[in-house]
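>>> sequence unknown, structure follows:
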């Protein structure tokens, strides 16, 4: 024990320990930097014209297509939106999951409560409005831009309906300072720009 203490008091031993620690620090830092450069290079190598092959299939409003079962937005307390773009009251939902198109409450591609920027105050109207066939170019632009930053998130989206469900849910674009809506009256957005910031 005494020998170890005497040895550690000598300056050359402390110098060796310091030198080895410095070498270890520098090599691990350089390896991390190499990994970062390699990852960055891989991202830059991607062709700028390369489009991620999205699995989204757009419903072009072909009413001749027979649907025996519909997916719907499920969560609405009073309103629901089915995958054909119909909004209806919960009690007008058929057993197959589709809105009863003959019910007085059912409306297709309704944008009631939606602003010109694509932000709506009611989630179900946002989804219905987003499902309009003329929104396809807007959504494709969004998908192509989102390809870089949100590839993992949006590769799970398989069709127009799922894209609209995901896009209309409140997102980080809808909030300010992570705890306040930018516009509490229009927080569900399918459009390209975030909700307009309302003064406090």
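In hand now; what should we look at? Since the model is a prediction, treat every value here as computed from it, not as a measurement.

>>> Can you give me every residue that contacts the closest residue to residue 181 other than its chain neighbours?
Excluding its sequence neighbours, the residue lying closest to residue 181 (CB to CB, 6 or more residues apart in numbering) is residue 187, at 4.8 Å. Every residue, glycine included, has its C-beta placed from N, CA and C. The contact partners of residue 187, taken as CB atoms under 8 Å, 6 or more residues apart in numbering, are 119, 121, 170, 174, 181, 195.

>>> Return the distance of residue 187 relative to residue 75.
Distance of residue 187 to residue 75, given as CB to CB, to the nearest Å: 15 Å.

>>> and what of residue 174?
With CB to CB as the criterion, residue 174 and residue 75 are 17 Å apart.

>>> So between these two, which is more surrounded?
Remark: of residue 174 and residue 75, residue 174 carries more neighbours, 19 against 11, as counted by other CB atoms under 10 Å.

>>> Out of the helices and strands in the protein, which is least certain?
helix 151-154 (a mean of 59; mean pLDDT, DSSP states H and E).

>>> Mind checking the pLDDT average for the helix or strand hosting residue 14?
Assessed by DSSP states H and E, residue 14 sits inside helix 11-45. In this model, helix 11-45 has a mean pLDDT of 72.

>>> do the same with stretch 120-138
Averaging pLDDT along stretch 120-138 yields 91.

>>> Show me which positions of that stretch end up buried.
120-132, 135, 138 (16 or more other CB atoms under 10 Å).

>>> and the residues you listed, which of them are in helices?
Of those, the ones assigned to helices by DSSP state H are 123-130, 138.

>>> Looking at those, which two lie furthest apart in space?
The two members of those with the most space between them (CB to CB) are 124 and 138, at 19.2 Å.

>>> re the thing from before, kindly reformat the contacts of residue 187 as CSV containing distance to residue 143.
Formatted as CSV, the contacts of residue 187 follow (distance: CB to CB, whole Å):
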residue, distance to residue 143
119, 19
121, 25
170, 19
174, 19
181, 25
195, 20
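
>>> Mark which of the residues you listed are part of strands, please.
By the criterion of DSSP state E, membership of the contacts of residue 187 in strands covers 119, 181.

>>> List just the nearest of the contacts of residue 187 to residue 71.
Among the contacts of residue 187, residue 170 lies closest to residue 71 (CB to CB), at 20.5 Å.

>>> Return the per-residue confidence for that closest one.
At residue 170, pLDDT is 64.

>>> cool, and residue 100?
Confidence score, pLDDT, at residue 100: 94.

>>> Report the spatially nearest residue to it, omitting neighbours in sequence.
Distances taken as CB to CB, 6+ apart put residue 92 closest to residue 100, at 4.7 Å, once the chain neighbours are dropped.
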